[in-house]
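> fold the following for me, if possible:
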Amino acid sequence: MGEAVRVTALDTKGTRIAAHTYCTAFGTPAGGLRTTRGRALVSPILIGGRPLGVESNGVFTDANTRPIPGGRLWPEAAGTWMLMHAVYVAGGGHPSEFDPGGPASSARSFAQQVSLKAHWVALGQPQKAAQPGTSNHGWAIAVDCPAARAQAWLMSHCGEYGWSHDEGARVGEPWHFRYIGAPAGLLRRLQRDPLAGYTATERRWIAEYDRLVTQNANPARRSVLRRVMTLQRKRLFKAAQDPAGWTPTRKRRYASLLERTR
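Predicted coordinates:
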């Protein structure tokens, strides 16, 4: 049984334009699925017998998600997304093309899901949004990527990193990609060390810069770090013109520095 939930649609000025009651009932996987006001307490998506995504749909903390440029994702999904991001940038793509389309285009809170559902219900197109509490965005394992070039790259390569466009293709959304589980070898690589192969100085710069960004602290020091990382990025670009070219490690180092200095 689902619960009847009253949602109100607002226009861009915050004026109430419609209100609708809908049921939060959704499919129950084997073993049952506990719900609290429409929110699932355990992800119903299992890979290798384990839930994939955050433990409670639409509820995010610093412990159960990690930042990506322009959004947040479940840590495993975030790690694989950032690997794709690095490869895309090293191949000539602009970093911003990989960004989610907006603040609710990666991890999407339960309140944001309710608001989005109300918006589409008010427009007579309820199928345009998932039932609140069931969205893969709510599990923090989906990204809406609006840039056409990045979409094309993802459709060709995302499967190598455990991502899929299957859901987006089914609903006619070229921008929608979801995480379905990366190969074991790739996960082992992420667990070992995301900065493997970086110089000690690069690791120190990146760790300090990321910490200051997270804390929104010391803009003067962040400026200094961006300047030295920019110089190092240029040195890497020059070094890549030698016979060894763009080795995988050089690509990752360059992409990491570019992301922080763009």
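> among the helices and strands of the protein, which has the poorest mean pLDDT?
The helix or strand with the lowest mean pLDDT-type score in the chain, counting by mean pLDDT, DSSP states H and E, is strand 16-23 (a mean of 32).
> who touches residue 66 in this structure?
Going by C-beta atoms under 8 Å, 6 or more residues apart in numbering, residue 66 touches 72-75, 78-79. Yep, even glycine has a C-beta here, placed from its N, CA and C like the rest.
> nearest spatial neighbour of residue 70, chain-adjacent residues omitted?
residue 99 (3.6 Å; C-beta to C-beta, 6 or more residues apart in numbering).
> that neighbour: how many residues sit nearby?
By other C-beta atoms under 10 Å, the residues close to residue 99 number 20.
> same deal with the one 4 residues further on?
Counted by other C-beta under 10 Å, the residues lying close to residue 103 total 13.
> surely it and residue 71 touch.
Yes: with contacts counted by C-beta atoms under 8 Å, residue 103 reaches residue 71, the gap being 7.4 Å.
> so the residue of the chain most remote from its centre is in which element?
Taking C-alpha atoms, centre = their mean as the measure, the residue most remote from the mean C-alpha position of the chain is residue 243, 35.5 Å away. Applying DSSP states H and E as the criterion places residue 243 outside every helix and strand.
> what's the per-residue pLDDT of it here?
Predicted confidence (pLDDT) for residue 243: 84.
> swap in the one 5 residues further on?
pLDDT recorded at residue 248 is 84.
> for residue 86, see how far away it is.
10 Å (C-beta to C-beta, to the nearest Å).
> the two: which has the busier surroundings?
residue 86 (22 against 11).
> next, count neighbours for residue 46.
By other C-beta under 10 Å, 13 other residues sit near residue 46.
> could you pull out the helices for the stretch 51-200 of the chain?
75-90, 110-122, 148-157, 166-171, 184-192, 200-215 (DSSP state H, counting those that start in this stretch).
> can you redo those helices as JSON lines with distance to residue 132?
Output for the helices of the stretch 51-200 of the chain, formatted as JSON lines (distance: least, C-beta to C-beta, whole Å):
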{"stretch": "helix 75-90", "distance to residue 132": "20"}
{"stretch": "helix 110-122", "distance to residue 132": "4"}
{"stretch": "helix 148-157", "distance to residue 132": "26"}
{"stretch": "helix 166-171", "distance to residue 132": "17"}
{"stretch": "helix 184-192", "distance to residue 132": "30"}
{"stretch": "helix 200-215", "distance to residue 132": "29"}
